[in-house]
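Participant: Test case, fold it:
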Amino acid sequence: MKVTLSPPNRRFGNLDWIGLTGLLGLLIARYIPVAKLIPFWGCVLRQRTGWPCLGCGLTRVADRVAHLNFSGAWEANPLGTVCAVLFGLAAVAMLLHLVFKLPIPEVRLTEREWTAVRIALPVVVLVNYAYVVVHTRFPHWLM
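Facilitator: Model prediction:
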């Protein structure tokens, strides 16, 4: 892994786009009750079968992280909570970069590290989904 710092600038880069997306998403989750305003909002798979989908709990995660309820967000979907917090951190980094010309680190992974990421990511998603299924269908197993 190689990490380099860009020279101080205010150019809008990849991290800034991710930060802007995170900022907008968390602000919407904080101030607009999407799940209450849209009548058809919800997981169709879970409503029809009782089984959660891979994204079940992400609306609750966004709402709870935006209200700083991290334990409730973690209970809804752990991987979603990690992603929402990372989006929030990217938003802070974006603001610091654009306001104070903070240098943004650029990370370059080797081919071996990318291979490890490509293997680990599906495993993490499957473990998270297993937790969501157990938490939804078999909550007594978690006691």
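
Participant: Every contact and neighbour count from this point should use C-alpha atoms.
Facilitator: Noted.

Participant: all helices for the protein, in order.
Facilitator: 14-31, 34-37, 44-49, 58-66, 70-76, 78-100, 111-137 (DSSP state H).

Participant: Tell me which of those helices sits most buried.
Facilitator: Across the helices of the chain, averaging neighbours per residue (mean count of other Cα atoms under 10 Å) puts helix 58-66 on top, at a mean of 23.

Participant: got a list of contacts for that one?
Facilitator: Contacts with helix 58-66, where a contact means Cα atoms under 8 Å, 6 or more residues apart in numbering, come from 25-27, 29-30, 35, 70, 72-74, 76-77, 80-81, 84-85.

Participant: And stretch 29-42, by the same measure?
Facilitator: For stretch 29-42, the external contacting residues (Cα under 8 Å, 6+ apart) are Thr59, Ala62, Asp63, Ala66, His67.

Participant: now the helix or strand of the chain at the bottom of the mean pLDDT ranking, how far from the centre of its chain.
Facilitator: The weakest-scoring helix or strand in the chain, judged by mean pLDDT, DSSP states H and E, is helix 34-37 (a mean of 89). Counting by Cα atoms, centre = their mean, to the nearest Å, helix 34-37 is centred 20 Å from the centre of its parent chain.

Participant: I'd like to know how far the spatially most central residue of the chain sits from Ala90.
Facilitator: What sits nearest the mean C-alpha location of the chain, by Cα atoms, centre = their mean, is Cys83, with 2.1 Å. Cys83 sits at a distance of 10 Å from Ala90 (criterion: Cα to Cα, to the nearest Å).

Participant: what stretches of this structure score poorly on pLDDT?
Facilitator: Within the chain, no stretch has pLDDT under 70.

Participant: same thing but at 80, please
Facilitator: Scanning the chain for pLDDT under 80 picks out 143.
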